[in-house]
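>>> quick one, fold the following:
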Amino acid sequence: MSGIKILAENRKARFNYEILDSYEAGIALVGTEVKSVRAGKISFADSYADIFNREVFLIGLRISPYDHGNIFNHEPDRKKKLLLHKEEIHKMKRSIDEKGLTLVPLKFYLKKGLVKVEIGVCKGKKLHDKRESIKEKDQKRDTDREMKGRG
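I've put the predicted structure just below:
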């Protein structure tokens, strides 16, 4: 994983959703958006991806306007196109249609100087699943604490 710099990670998605599959996608950005993303001015708490006309778009992603931008600054809340292979898009479309799953952005990172997004095919967790996740995390923390204390 050398050459990869994580810009933002959606930790809430891992808590709210069960991630079944994930894909790496490029994202079509305009000039000042790239500079804002590199500066970490990105918010994707309630964002999701959807498929229109065999193309995948990221909706609800907010990239704040670049501080030093001028009249060519971008619109913060526009739909961003994701760059994926046709086969990947078909596979996503099938799983979304058949099983009622959701496409959620998991993290944004730089790979070889390009902005990439990891998209997860996710299934929403119920309240009792979330409680189970919290319980497992607490148990793991307790066992790690015990093991550290013995060492």
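>>> ok, residues contacting stretch 81-98?
Stretch 81-98 is contacted from outside by 20-21, 23, 25-28, 49, 51, 54-58, 101-103, 117, 119, 121, using CB atoms under 8 Å, 6 or more residues apart in numbering. No exception for glycine: its C-beta is placed from N, CA and C like everyone else's.
>>> could you measure from residue 7 over to residue 116?
For residue 7, the distance to residue 116 (CB to CB, to the nearest Å) stands at 9 Å.
>>> now do the shared contacts for those two.
Counting by CB under 8 Å, 6+ apart, the shared contacts of residue 7 and residue 116 are 108, 109, 110.
>>> considering the residues you listed, which possesses the most neighbours?
Counting neighbours by other CB atoms under 10 Å, residue 108 comes out on top of the shared contacts of residue 7 and residue 116 with 22 neighbours.
>>> what's opposite residue 5 in the beta bridge?
Note on residue 5: beta-bridge partners by DSSP bridges are residue 110.
>>> per-residue confidence at it?
Confidence at residue 5, expressed as pLDDT, is 87.
>>> that one: how many residues sit nearby?
Residue 5 has 10 neighbours, counted by other CB under 10 Å.
>>> surely it meets residue 110?
Yes. Using CB atoms under 8 Å, residue 5 is in contact with residue 110, at 4.5 Å.
>>> pLDDT averaged over the lengthiest helix in the chain - what is it?
Across the chain, the longest stretch assigned as helix under DSSP state H is helix 127-150. Summarised as a single mean, pLDDT over helix 127-150 is 82.
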